[in-house]
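[1] Build me a model from this:
(one chain, ligands or ions: 1)
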Amino acid sequence: TREIHLAQRPTGLPGPETYRFVERELRDLREGDVLVENIVLTVDPYMRPRMNDVKSYVPPFKLDHPLDGGAIGVVVESRSDALPVGSIVRHGLGWREHAVLAGEYATKIELNGLPSSYFLGVLGMPGMTAYAGLFDVAAFQPGDSVFVSAAAGAVGSLVGQFARLAGADRVVGSAGSAEKVALLVDELKFDAGINYREGDVMGQVGAAFPYGFDVYFDNVGGDHLEAALEHINERGRMALCGSISGYNDPNASGPRNMFKAVGKRLTLRGFIVSDHESVRPEFEQKVGQWLTGGDLAYRETTWNGLDAMPEAFAGLLTGANTGKAIVRLRED
Ligand code: NDP
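    Predicted coordinates for the structure are as follows:
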């Protein structure tokens with residue numbers, strides 16, 4: 001079987017030299033283990049900071065070791081009573097074709113007719129992030145106006161739609177192309193969109209919200225956070241989810257107007273989705289209902305085959321994806 005190792009730590013955007021494809025033998029199964037053939041793998045932005053040798057909320061990837069990340073696969077050999085052959089499972093050993101792991105580290109998934117990749121997106125980690133961030137962290141209330149950055153991506157596209165479905169007064173997102181902005185308005189039913197590559201973010205955010213906004217869901221940091229601090233209403237709330245504008249750029253600058261947070265009595269709250277497991281039942285019930293009821297538009301951008309992982313990851317970091325970025329190894 002094949003897996004992808006971290007060959008060197010990247011500076012800037014990770015190129016092909018970052019990775020090494022390694023052929024290896026799988027170890028024998030012990031009592032309780034399963035052998036999983038991966039079906040779909042995810043690339044997520046948080047993997048980029050993990051390629052650096054810095055301490056964070058997840059330890060860095062180790063040089064000359066396999067990368068890891070979310071995956072959905074099918075159990076093809078089992079020594080676990082709970083996970084018989086044929087079970088579909090979600091687990092953390094992505095970036096590879098097969099995985100041997102203890103059954104307790106795999107979660108059984110009922111597809112209910114949905115594509116397996118949805119369980120790495122709208123019904124997986126990004127969906128939970130959008131839900132927990134908006135409702136738990138930013139304490140969204142019906143009637144709030146909401147601004148979300150990286151709005152055509154996996155998390156952002158859901159944040160805006162969840163806000164609309166939960167009774168937002170106005171939802172505006174920013175994204176990096178005219179096509180993505182059109183998608184926000186036409187398909188995801190945002191009230192408006194901003195193309196941050198076209199004109200200044202500060203001016204565009206101000207123009208999009210003549211009456212300000214109450215919640216900012218930050219996926220980008222930098223210029224977006226600065227514009228949000230400027231235009232958010234008094235006592236506004238910010239869910240600080242990510243800061244992708246700085247992931248490839250060690251010299252990225254932060255907002256220069258943090259004092260706005262003082263005068264406006266803002267709440268800025270950083271969060272990590274894994275601390276919000278308590279909302280999972282509510283998330284699964286609510287979002288499952290919205291999805292099957294046709295209330296949510298859901299997009300994916302799919303790359304095919306393990307060899308495409310590096311390209312998919314670089315594409316994610318540069319905006320080649322619309323909606324959730326997925327790498328598919330085989331049909332469901
Ligand atoms: P996305 O699907 O949103 O993909 C990333 C997007 O970021 C790209 O498509 C690109 O879109 C945009 N982007 C890249 N560079 C820049 C830049 N310099 N300025 C503005 N936008 C940029 O990824 P996810 O939805 O998975 O993740 C979104 C954010 O949420 C990330 O910051 C991630 O780290 C964070 N996150 C945090 C979690 C937590 O627990 N706190 C959990 C999961 C995600 P475009 O074409 O619009 O530029």
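
[2] give me phi/psi at the closest residue to Ile109 other than its chain neighbours?
    Once flanking residues are discounted, Ile109 sits nearest to Ile88: 4.8 Å by Cβ to Cβ, 6 or more residues apart in numbering. All C-beta spots, glycine's among them, are computed from the backbone N, C-alpha and C. The phi and psi values for Ile88, taken as degrees, to the nearest 10, are phi -90, psi 130.

[3] do Gly293 as well
    The phi/psi pair for Gly293 (degrees, to the nearest 10) reads phi -80, psi 0.

[4] about what we covered before: contacting residues for the residue nearest to Ile109?
    Neighbouring residues of Ile88 by Cβ atoms under 8 Å, 6 or more residues apart in numbering: Ile39, Ile72, Gly73, Val74, Val75, Lys108, Ile109, Glu110, Leu111, Ser116.

[5] give me that answer again for 7 Å
    Contact analysis of Ile88 by Cβ atoms under 7 Å, 6 or more residues apart in numbering lists Ile72, Val74, Ile109, Leu111, Ser116.

[6] export these to TSV and tack on neighbour count, distance to Gly242 and secondary structure?
    Formatted as TSV, these follow (neighbours: other Cβ atoms under 10 Å; distance: Cβ to Cβ, whole Å; DSSP: H, G, I helix; E, B strand; the rest coil):
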residue	neighbour count	distance to Gly242	secondary structure
Ile72	29	23	strand
Val74	18	31	strand
Ile109	18	25	coil
Leu111	13	28	coil
Ser116	22	25	helix
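
[7] Of these, which is the nearest to the ligand?
    Within the contacts of Ile88, proximity to the ligand (Cβ to the nearest ligand atom) peaks at Ile72, which comes in at 16.0 Å.

[8] Which strand or helix spans Leu123?
    Per DSSP states H and E: Leu123 is located in neither a helix nor a strand.

[9] oh, I was asking about Val287
    Here Val287, judged by DSSP H and E, is contained in helix 280-292.

[10] Enumerate the sheet neighbours of the next helix or strand after that helix, specifying parallel or antiparallel for every one.
    Counting by DSSP H and E, the element after helix 280-292 in chain order, helix or strand, is strand 300-304. Looking at strand 300-304 with DSSP bridges, its partner strands are strand 324-328 (parallel).

[11] wait, doesn't Trp264 sit right on Glu234?
    No, residue 264 isn't Trp; it's Lys. Yes: between Lys264 and Glu234 there is a contact under Cβ atoms under 7 Å: 4.8 Å.

[12] so who does Asn304 touch?
    Neighbouring residues of Asn304 by Cβ under 7 Å, 6+ apart: Arg328.

[13] what bridges to it?
    Judged by DSSP bridges, the bridge partners of Asn304 are Arg328.

[14] Give me every residue in the stretch 1-150 of the chain lying close to the ligand.
    Proximity of the stretch 1-150 of the chain to the ligand, by Cβ under 6 Å from any ligand atom, involves residues Asp44, Pro45, Tyr46, Pro126, Thr129, Ala150.

[15] how about the helices in this protein?
    47-50, 125-131, 154-165, 178-186, 201-208, 222-231, 259-263, 280-292, 309-318 (DSSP state H).

[16] Can you spell out which helices and strands pack onto the first one?
    Spelled out, that is helix 47-50. Applying 3 or more Cβ pairs under 7 Å, 6 or more residues apart in numbering; DSSP states H and E, we find helix 47-50 packed against no helix or strand.

[17] now it, how far from the centre of its chain.
    Between the centre of helix 47-50 and the centre of its chain there are 13 Å (Cα atoms, centre = their mean, to the nearest Å).
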